[in-house]
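1. Have a look at this prediction, sequence included:
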Amino acid sequence: MDSKSNLLFALTFIFISSHISTTQVDAQSLLLRKEKVTYLHFFLHDIISGSNPTAVLVAKPNNTNVGSGNPTPFGSVFAIDDPLTDGPELSSNVIGNAQGFYVSSSQDKLTLVLAVDFGFTTEEFNGSSISVFSRNPVLENDRELAIVGGRGKFRLARGFAKLHTYSLNGTNGDAIIEYNVTVFHYE
């Protein structure tokens, strides 16, 4: 190898080594912290209808057997940017938003699989989020989702969200869902 190649190799090795060391130190210091438990309560507004929906259909099944009148037929994919509020009314204080997507994943009853980041924009958790990847059997009035990660004050988050359908419009698919969340995390 020539001297330029040797220098490039050495600089690359030093950069990678320092990055690995820094990452290991950050992870170790995070794990040395005491685990916290945080309880959250909020309402999610999933609006499919109207001129300003918060959930939009981005893919639908190519199947002539899909029943009409169902706002979320099997195989549908929706992108969402749903507001999170501290009360059930849409006019309540907005505390964040849920961004991601859900897929209608059951042929028999309305079940969604969610991949959603719940980002908080106010007070103590401003800039932090929790991540959900879970099955959501919508027609069950009370159900549970898995918290699989987080960022900011919710680093290394795990936990669960208990959901209660506050309201569901069976015609247009609009829904208000109450969330009671238990999050285990390291700040």
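-> Sure thing, it's come through. These figures come from a predicted structure and were not determined experimentally.
2. by contact count, what packs against the longest strand along the chain?
-> Longest strand in the chain by number of residues (criterion: DSSP state E): strand 155-168. Applying 3 or more C-beta pairs under 8 Å, 6 or more residues apart in numbering; DSSP states H and E, one finds that strand 155-168 contacts helix 3-32, strand 129-137, strand 142-151, strand 175-186. For the C-beta atoms, the positions are set from N, CA and C on the backbone; glycine is no exception.
3. tell me, which of those is the model least confident about?
-> Averaging pLDDT over each of those singles out helix 3-32 as the lowest, with a mean of 59.
4. After that helix, which helix or strand is next?
-> For helix 3-32, the following helix or strand on the C-terminal side (DSSP states H and E) is strand 36-46.
5. tell me which residues of that following strand are tucked away?
-> For strand 36-46, a neighbour-count test (16 or more other C-beta atoms under 10 Å) marks T38, L40, F42, F43, L44, H45, D46 as buried.
6. quick one: the fifth one and E35, what's the gap?
-> For L44, the distance to E35 under the criterion C-beta to C-beta, to the nearest Å works out to 26 Å.
7. Name the strands paired with the longest strand of the chain and say parallel or antiparallel.
-> If you go by DSSP bridges, strand 155-168 pairs up with strand 142-151 (antiparallel), strand 175-186 (antiparallel).
8. List just the one of these that sits closest to R135.
-> For R135, the closest of those is strand 142-151, at 7.9 Å, according to C-beta to C-beta.
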